[in-house]
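Pasted the sequence and its predicted model underneath.
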Amino acid sequence: MTARRTLSSKAGKQALVALTGLLLIAGNAQAQDAPAPVVYESDPIVIETVAGPVSFRVELAMTPEQRTLGLMYRKSMPEDVGMLFDFGEARMVVMWMRNTYLPLDMLFMAEDGTIATIAADTVPLSEEVISSGEPVRYVLELNSGIAAARGIAVGDTARHPAIGVSGD
């Protein structure tokens, strides 16, 4: 009887450990699929175009963790919203669309906010590398087609309190 209790107790502990592990895995999978709550900056980003200024509400991706997550797992984003990534210094930047369901326009910007390159209409869920092509500090992600629709072009300048701030 003692051996049976020990076996039963040992089997119970193993089952509990296995169940706990499954719950943790399921919880992590659910957390990855659900985007974090959206918090927009109080100041919009304003892009000076030939036709005049256009503005967007923005979320900031300032930390490595925020930049890694970016817009992954999102199924929609309002047309007047974007995400501004700050890499802290001018450097070659590469992005990809892994786990990103939204087609995007990526505006690669120099330290002063000047748009250096635009990667328009990126492909959702693609692991193809999207390069800035030259050193940049910021990337603004918008819904696909918004840059062209609003007349945003290379050479335009973006203004936001986070742009031009020292990376120190």
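Everything's here; your move.

so where do the helices sit in the protein?
Secondary structure of the chain by DSSP state H: the helices cover 2-33, 64-69, 146-149.

Return stretch 104-116 as CSV; C-alpha atoms alone will do.
Provided in CSV are the C-alpha atoms of stretch 104-116 (Å, rounded to 0.1, in the frame of the first residue of the first chain):
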residue,chain,number,x,y,z
LEU,A,104,2.4,48.6,-44.4
ASP,A,105,4.3,51.6,-45.8
MET,A,106,7.6,52.0,-44.0
LEU,A,107,9.1,55.5,-44.0
PHE,A,108,12.8,55.4,-43.2
MET,A,109,13.9,58.8,-41.7
ALA,A,110,17.2,60.5,-40.9
GLU,A,111,18.0,62.0,-37.5
ASP,A,112,16.4,65.3,-38.5
GLY,A,113,13.2,63.6,-39.6
THR,A,114,13.9,63.8,-43.4
ILE,A,115,12.4,60.8,-45.2
ALA,A,116,15.3,59.0,-46.8
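
Okay, buried residues for that stretch please.
Of the residues in stretch 104-116, those with enough neighbours to count as buried (16 or more other CB atoms under 10 Å) are 104, 105, 106, 107, 108, 109, 110, 111, 113, 114, 115, 116. (Each C-beta comes from the backbone N, C-alpha and C, glycine too.)

So which of these belong to strands?
104, 105, 106, 107, 108, 109, 115, 116 (DSSP state E).

closest to residue 157 among those?
Set against residue 157, the nearest of those by CB to CB is residue 115 (7.2 Å).

Surely the closest one touches residue 163?
No: between residue 115 and residue 163 there is no contact, the gap being 11.3 Å when judged by CB atoms under 8 Å.

List the buried residues of stretch 148-157.
Of the residues in stretch 148-157, those with enough neighbours to count as buried (16+ other CB under 10 Å) are 150, 152, 156, 157.
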